[in-house]
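1. this one's structure only:
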């Protein structure tokens, strides 16, 4: 039996979720559509990043931080997929899925520690709200899906061929395109400075996509065909070490 502010609720002994997840599971038996695996994986990234921030601020001790890390890594590895049973049809701002993650992480960590060190709200969800965690997890899942669907380019290899393209075209509009590409590239990379997030999702393909899109919008026609082809070729040569176009940071 699990307890929360609403009283007791029976939770299967072989499951890691707690009372709030169980209540949602029982009260919203709607459809067969479950929360996407990509979103749950993104929560594994998010919760570890939050724990890292709280640990750095001195709000979370080493032991609890390590337990949360371990649980999040297990989520991202797909080892705990059976412990996320909730439907996409639920009320609120994703609170039930957020709590599902908090409860699973806490129970996993406590089982590993052999004692109740983690509380779903007090530790796993520290300084967080469903109003920010759910949309953030959506963003992480979307970026990850985009990266997985694109060839892996290097940010530096985007800027060099794009600069050459601008110079050869001799048009001021291409120079503006270069500045936009450079700005977007650096903005994206700045958003990835957190080591955890940077380790989990590579953002370079976003910069590549931006360059290709700008090339298409500015030049059109033959540029739409040739520029991506040249870009892909140079990037592949760079990735194979045949040429080195840019010194990566």
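-> Cool, the structure landed. Everything numeric in this text was worked out from a predicted model, so none of it was measured.

2. what comes up buried for stretch 115-133?
-> Judged by neighbour count using 16 or more other Cβ atoms under 10 Å, the buried positions of stretch 115-133 are 117-118, 120, 123-126, 128, 130, 133. Backbone N, C-alpha and C define where each C-beta goes, glycine included.

3. Check which helix or strand the closest residue to residue 70 other than its chain neighbours maps to.
-> The shortest distance from residue 70 to any non-neighbouring residue, by Cβ to Cβ, 6 or more residues apart in numbering, is to residue 112 (6.2 Å). Assigned by DSSP states H and E, residue 112 belongs to helix 95-113.

4. ok, then the element right after that helix?
-> Using DSSP H and E, the next helix or strand after helix 95-113 towards the C-terminus is helix 130-149.

5. That next one to helix 95-113, inter-axis angle?
-> 80 degrees (axes from the mean of the first three to the mean of the last three Cα atoms, to 10 degrees).

6. Now do the helices in this structure.
-> 19-27, 37-56, 62-76, 95-113, 130-149, 155-169, 172-191, 195-200, 204-219, 222-239 (DSSP state H).

7. If I average pLDDT within each of these, which one is lowest?
-> Mean pLDDT is lowest for helix 195-200 among those, at a mean of 38.

8. measure stretch 89-103 end to end?
-> End-to-end distance for stretch 89-103: 19 Å, by Cα to Cα, to the nearest Å.

9. Could you check it and say which residues are buried?
-> Result for stretch 89-103 [16+ other Cβ under 10 Å]: buried residues 90, 94-103.

10. which one is residue 6 nearest to, not counting chain neighbours?
-> residue 23 (7.3 Å).

11. My guess is that neighbour contacts residue 7. True?
-> No: between residue 23 and residue 7 there is no contact under Cβ atoms under 8 Å: 10.0 Å.

12. Those two: which has the busier surroundings?
-> residue 23 (17 against 9; other Cβ atoms under 10 Å).

13. quick one: the more buried one from residue 62, how far?
-> 33 Å (Cβ to Cβ, to the nearest Å).

14. Equivalent analysis for residue 31, please.
-> Distance of residue 31 to residue 62, computed by Cβ to Cβ: 42 Å.

15. now residue 26
-> Taking Cβ to Cβ, one finds residue 26 at 37 Å from residue 62.

16. One more: residue 117?
-> Residue 117 sits 11 Å away from residue 62, going by Cβ to Cβ.

17. ok, now residue 80?
-> As judged by Cβ to Cβ, residue 80 and residue 62 stand 23 Å apart.

18. Over to residue 46?
-> 21 Å.

19. Which of these two has more residues huddled nearby?
-> residue 46 (25 against 8).

20. In this structure that one contacts residue 141, no?
-> No: look at residue 46 against residue 141 with Cβ under 8 Å: they stay out of range, at 9.7 Å.

21. In JSON lines, list the buried residues of stretch 89-103 along with distance to residue 70.
-> Listed next are the buried residues of stretch 89-103 as JSON lines, based on distance: Cβ to Cβ, whole Å:
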{"residue": "90", "distance to residue 70": "28"}
{"residue": "94", "distance to residue 70": "24"}
{"residue": "95", "distance to residue 70": "25"}
{"residue": "96", "distance to residue 70": "24"}
{"residue": "97", "distance to residue 70": "21"}
{"residue": "98", "distance to residue 70": "20"}
{"residue": "99", "distance to residue 70": "20"}
{"residue": "100", "distance to residue 70": "18"}
{"residue": "101", "distance to residue 70": "14"}
{"residue": "102", "distance to residue 70": "15"}
{"residue": "103", "distance to residue 70": "16"}
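
22. I appreciate the help and will end here.
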